[in-house]
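S.K.: need the 3D shape of this:
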Amino acid sequence: MKKSLLFTPGPTPLPPEALLAMAQPIDYHRSETAVTLIKDVLQKLKHVFQTENDVLFLTTSGTGAMEAAVANLLCCGDKVLVIRSGKFGERWGEICTAYGVEIIPIDVAWGNSVAPEAVESHLTAHPEVKAVFATLCETSTGALHDIEALARLTRHRPTLLVVDAVSALGADDLQMDNWGVDMVVSCSQKGLMTPPGLAFAALNRRAWNAVARSNLPKYYLDLRKAHQSGLEGSVPYTPAITLLTALQCALNRICAEGIRNTIARHNRLAVATRSAIKAIGLPLFAMSPANTLTSIRLPEEIDGKAFIKLMREKHGITYAGGQSHLSGKIARIAHLGWMNENDVIIAISAFERGLAEIGYDTPLGAGGTAAQEVFTR
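M.R.: Purely as a prediction, here's the structure:
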């Protein structure tokens, strides 16, 4: 009997109560029950975002929230800095270009994290830039960016810091208010343990002032409409009401655990996974790994695509492969959302077994032992 297990950085496994909530009869999204639900969800999201600013949601993917950030903050012809260190940093630039915004790229080798000094140098050379677009965790590489350091560079300048926390929210630390981050976007199917289809955004006063000046076209993604409706426990357009019921269950878990404890749990899982991979004898791909996932550089003699396919089709274990030019060259193991220590042990043990099955000489059990040593400290 094959049991399917998911170790990808989105979608992630769902808590049972979230699954059961979605099995209930669907409700009307304009009812008083829906009003209560929406207000509760938006309030609990503040805890996860570590902010007192209002959080709003859109019925879209995380990319929709990224596009909303560009469309609502900027004007045609504005200049922005875009940190391109992987697939999703590149996406920031592609969205800006689509809206007629001029980008000044800061290109970082995939697997590396941006040097704050490089950002400071660009800000000094281009004081006219309206925003810096960054990622918390570059999901395509597993690299973590120092958002706190970037915020120190922007919060005393008339330059906004906009952060893609799509994969890392709730796993890696992002103290929006304490650090002075202007806008954060995320989505439902990663650390928030809900199916794909919901996206979130939080903006501070500086960001809302930019929204008031923006002249880029928007309709469905108009954050002013979403914000006003959210204050009333409503939405401007039809929401994914079933997903909101699941999200409420997931947020209940996070709030009960406490966001600081949630982040600490993810860090513990990440440290154990990284220790296990090193014990197996494989190098990590990211220079500064995130808590969200661990990226592994596969040996040249391994067909990475075949390995990922073998694990999914034969063993029911789904890891993520590499994207773009990293396809077949890295594997990515997420330890994100509804996961605990036992999940990591399974993910590592299966990884070792798969390597052995494709003929890679590795000491079976070395990774699992290393992970358990972390957990028993």
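S.K.: for the rest of this, base every contact and every neighbour count on C-alpha atoms.
M.R.: Fine.
S.K.: give me the neighbour count for Arg268.
M.R.: Using other Cα atoms under 10 Å, Arg268 is surrounded by 17 other residues.
S.K.: Provide the secondary structure category for it.
M.R.: Assigned with DSSP: H, G, I helix; E, B strand; the rest coil, Arg268 falls in the helix class.
S.K.: and it, what pLDDT?
M.R.: With respect to pLDDT, Arg268 scores 98.
S.K.: same deal with Ala143?
M.R.: Note on Ala143: pLDDT of 98.
S.K.: next: Asn178.
M.R.: With respect to pLDDT, Asn178 scores 98.
S.K.: end to end, how far does stretch 321-341 reach?
M.R.: Terminal residues of stretch 321-341 are spaced 22 Å apart (Cα to Cα, to the nearest Å).
S.K.: so which bits of that stretch are buried?
M.R.: 321-323, 328-339, 341 (16 or more other Cα atoms under 10 Å).
S.K.: do stretch 91-109 as well
M.R.: In stretch 91-109, counting by 16+ other Cα under 10 Å, buried: 91-93, 95-96, 99, 101-106, 108.
S.K.: so how far is it off the chain centroid?
M.R.: Centroid separation for stretch 91-109 versus its chain: 19 Å, with Cα atoms, centre = their mean, to the nearest Å.
S.K.: stretch 24-38 now?
M.R.: When C-alpha coordinates are averaged (Cα atoms, centre = their mean), stretch 24-38 and its chain have centres 27 Å apart.
S.K.: how close does the nearest residue to Thr273 once chain neighbours are set aside get to Ile348?
M.R.: Computed as Cα to Cα, 6 or more residues apart in numbering, the closest residue to Thr273 that is not its neighbour in sequence is Ala371, at 6.2 Å. Per Cα to Cα, Ala371 is found 8 Å from Ile348.
S.K.: check Arg205 too.
M.R.: 44 Å.
S.K.: wasn't Ile333 part of a strand?
M.R.: Yes. Counting by three-state DSSP, one finds Ile333 located in a strand.
S.K.: pretty sure it contacts Ala320?
M.R.: Yes. If you go by Cα atoms under 8 Å, Ile333 and Ala320 touch, sitting 6.5 Å apart.
S.K.: Arg205 and Ile348: who's more crowded?
M.R.: Applying other Cα under 10 Å to Arg205 and Ile348 shows that Ile348 carries more neighbours, namely 25 against 11.
S.K.: verify the contact between the more buried one and Ala276 for me.
M.R.: Yes. Using Cα under 8 Å, Ile348 is in contact with Ala276, at 7.0 Å.
S.K.: can you map out the helices along the stretch 251-377 of the chain?
M.R.: Along the stretch 251-377 of the chain, counting by DSSP state H, counting those that start in this stretch, helices occupy 259-280, 304-315, 341-357, 366-375.
S.K.: which of the ones you listed sits closest to Leu81?
M.R.: When the helices of the stretch 251-377 of the chain are compared by Cα to Cα, helix 259-280 sits nearest Leu81, at 28.5 Å.
S.K.: circling back to that earlier point, the residue nearest to Thr273: neighbouring residues, count only.
M.R.: Residues near Ala371, counting by other Cα under 10 Å, number 27.
S.K.: what's the answer for the one 4 residues further on, then?
M.R.: Taking other Cα under 10 Å as the neighbour definition, Phe375 ends up with a count of 14.
S.K.: I'd assumed Val271 was in contact with it.
M.R.: No. Taking Cα under 8 Å as the definition, Phe375 is not a contact partner of Val271, at 9.4 Å.
S.K.: hang on, the earlier thing: what is in contact with Ile333 and Ala320 at once?
M.R.: Phe7, Thr8, Pro9 (Cα atoms under 8 Å, 6 or more residues apart in numbering).
S.K.: doesn't the last one belong to a strand?
M.R.: No. Judged by three-state DSSP, Pro9 forms no part of a strand; its state is coil.
S.K.: how about the nearest residue to it, chain neighbours excluded?
M.R.: Ala334 (5.0 Å).
S.K.: show the contacting residues for that neighbour.
M.R.: The contact partners of Ala334, by Cα under 8 Å, 6+ apart, come to Phe7, Thr8, Pro9, Thr292, Leu293, Thr294, Tyr319.
S.K.: same list (the helices of the stretch 251-377 of the chain) but as a markdown table, adding distance to Pro13.
M.R.: Shown next, in a markdown table, are those (distance: least, Cα to Cα, whole Å):
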| stretch | distance to Pro13 |
| --- | --- |
| helix 259-280 | 14 |
| helix 304-315 | 15 |
| helix 341-357 | 11 |
| helix 366-375 | 21 |
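S.K.: deepest-packed of those helices, please.
M.R.: Looking across the helices of the stretch 251-377 of the chain with neighbours counted as mean count of other Cα atoms under 10 Å, the highest average goes to helix 259-280: a mean of 22.
S.K.: what does that helix contact?
M.R.: By Cα under 8 Å, 6+ apart, helix 259-280 touches 47-48, 170-173, 254, 283-284, 290-294, 296, 335-336, 340-341, 344, 348, 352, 362-363, 366-372, 374-375.
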